[in-house]
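Enquirer: please find the sequence and the predicted model below.
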Amino acid sequence: MSGEPRPGLHSERTRLAWVRTAVTMAGAGIGAAGISVRQDLVALAVPFAAAALAGAVLLLRTGTRHRRLERALRQRRPLDDRLDTGVAWAGALAVAAAALVMVLTLAL
């Protein structure tokens, strides 16, 4: 066992939660963009593609974020995750707005 204290498994659970969020956002964005193109709602493919891109960015940043989290926990200081949180919110809002417009458009 290493000499450094382990803060626990919560950082691993947090990392896995971010991975699930990123993969879901990327997959849902790609799928919804495809559906919107097939339904001749090409303009809606843009926000869905933006959500897919946000998910891909979050997935790429997972390793860096995990290392920063581990370091912050060992040093007992807060982690500044505003960038990742902003990317996740932007992707989620893009999906929500585009899905609402898609549902309203297809319902009429």
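Expert: Okay, I see it. Numbering: from 1, shown residues only.

Enquirer: where along the chain do the helices fall?
Expert: All helices of the chain, identified by DSSP state H, fall at 10-38, 42-60, 62-74, 82-107.

Enquirer: now find how far off-centre the second one is within its chain.
Expert: Right, the one you point to is helix 42-60. 10 Å (Cα atoms, centre = their mean, to the nearest Å).

Enquirer: and the angle from it to helix 82-107?
Expert: Calculated by axes from the mean of the first three to the mean of the last three Cα atoms, to 10 degrees, helix 42-60 forms an angle of 150 degrees with helix 82-107.

Enquirer: where does pLDDT dip in the chain?
Expert: 1-9, 11 (pLDDT under 70).

Enquirer: follow-up on the earlier one: mind putting the helices of the chain in CSV, mean neighbour count included?
Expert: Any C-beta I mention is one placed from the backbone N, CA and C, and that applies to glycine too. Shown next, in CSV, are the helices of the chain (neighbours: other Cβ atoms under 10 Å):
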stretch, mean neighbour count
helix 10-38, 16
helix 42-60, 19
helix 62-74, 15
helix 82-107, 15
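
Enquirer: name the nearest residue to residue 59, ignoring sequence neighbours.
Expert: Spatial nearest neighbour of residue 59, excluding adjacent residues (Cβ to Cβ, 6 or more residues apart in numbering): residue 22 at 3.9 Å.
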